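> all I have is the shape, not the residue letters:
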């Protein structure tokens, strides 16, 4: 059974460092893209970027480039989303999700999702 | 950057009736489009991919159509559990979601 289990809720102060995780199981971690999706309070879904754990290749939405870092640890089938300096505007629910891979190796739709991790940034 | 626009923002429909949700892309995404359902406090769930293919376990009352820039999600006979927010997403060039359509009980 495919599962994506995210780390728990976090409460942080502006300027702090944060790294949240997405532990996967039930499939070959290195052969599927993993995406991160932001949902601000009461708002819609925003695709932030992806990582291909097989070669650690990453792609970021222009809106999130330079704001976050996506990484992965193959040995423990876990993906990460990291902020070096949080802002109040980073307060949101963050989901990881698995992209199906097309025949050309490109990512397609998102078929499995984590349960979400609520990040609250407040002084 | 491709922008996805969904309409209407809110749709009020009675149980048992048909609901039609629209999604427009700012440029062609071919058939590289998916639909998701999200209920309060839950992660999104995949309904449709490749514009018209139902995901595993999705009831037959859900159907998708369209290609290029115009797409439609149709729910043929609304059940109580279908009232939720629906998002389209293109994955032809990077990936981007629409802003969502809230389907509410009339």
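That came in fine, so what should we check first? For clarity, every value in this text was computed on a predicted model and none was experimentally measured.

> from here on, contacts and neighbour counts on C-alpha atoms
Noted.

> hmm, residue A:100 and residue A:113 touching each other?
No: using C-alpha atoms under 8 Å, residue A:113 is not in contact with residue A:100; the gap is 11.7 Å.

> spell out which parts of chain B neighbour chain A.
Counting by C-alpha under 8 Å from any C-alpha of the partner chain, chain B comes close to chain A at B:32-34, B:42-46, B:49, B:87, B:91-92, B:94-100.

> 6 Å instead, please
Chain B has residues B:43, B:46, B:91, B:96, B:99 near chain A, with proximity defined as C-alpha under 6 Å from any C-alpha of the partner chain.

> just flag the most distant two among the residues you listed.
By the measure C-alpha to C-alpha, B:43 and B:91 form the most distant pair in those, at 19.0 Å.

> circling back to that earlier point, between residue A:113 and residue A:100, which one's more packed in?
When residue A:113 and residue A:100 are compared on other C-alpha atoms under 10 Å in any protein chain shown, the one with more neighbours turns out to be residue A:113, at 25 against 18.

> give me the beta-bridge partners of the more buried one?
With DSSP bridges applied, the residues forming beta bridges to residue A:113 are residue A:97.

> tell me where chain A has strands.
With strands called from DSSP state E, chain A shows them at A:3-6, A:10-12, A:18-25, A:33-39, A:45-52, A:57-60, A:69-73, A:78-83, A:92-101, A:107-113, A:117-121.

> and residue A:50, how far is that from residue A:28?
Summarising the geometry, the distance separating residue A:50 from residue A:28, computed by C-alpha to C-alpha, to the nearest Å, is 16 Å.

> same check on residue A:94?
Relative to residue A:28, residue A:94 is positioned 23 Å away (C-alpha to C-alpha).

> grab the nearest non-local neighbour of the residue nearest the centre of chain A.
Centre of chain A computed as the mean C-alpha position; nearest residue by C-alpha atoms, centre = their mean is residue A:36, 3.0 Å away. Spatial nearest neighbour of residue A:36, excluding adjacent residues (C-alpha to C-alpha, 6 or more residues apart in numbering or on different chains): residue A:96 at 4.5 Å.

> contacting residues around the most centrally placed residue in chain B?
With distances taken as C-alpha atoms, centre = their mean, residue B:35 lies nearest the centre of chain B, 4.0 Å away. Contact analysis of residue B:35 by C-alpha atoms under 6 Å, 6 or more residues apart in numbering or on different chains lists B:47, B:48, B:87, B:88.
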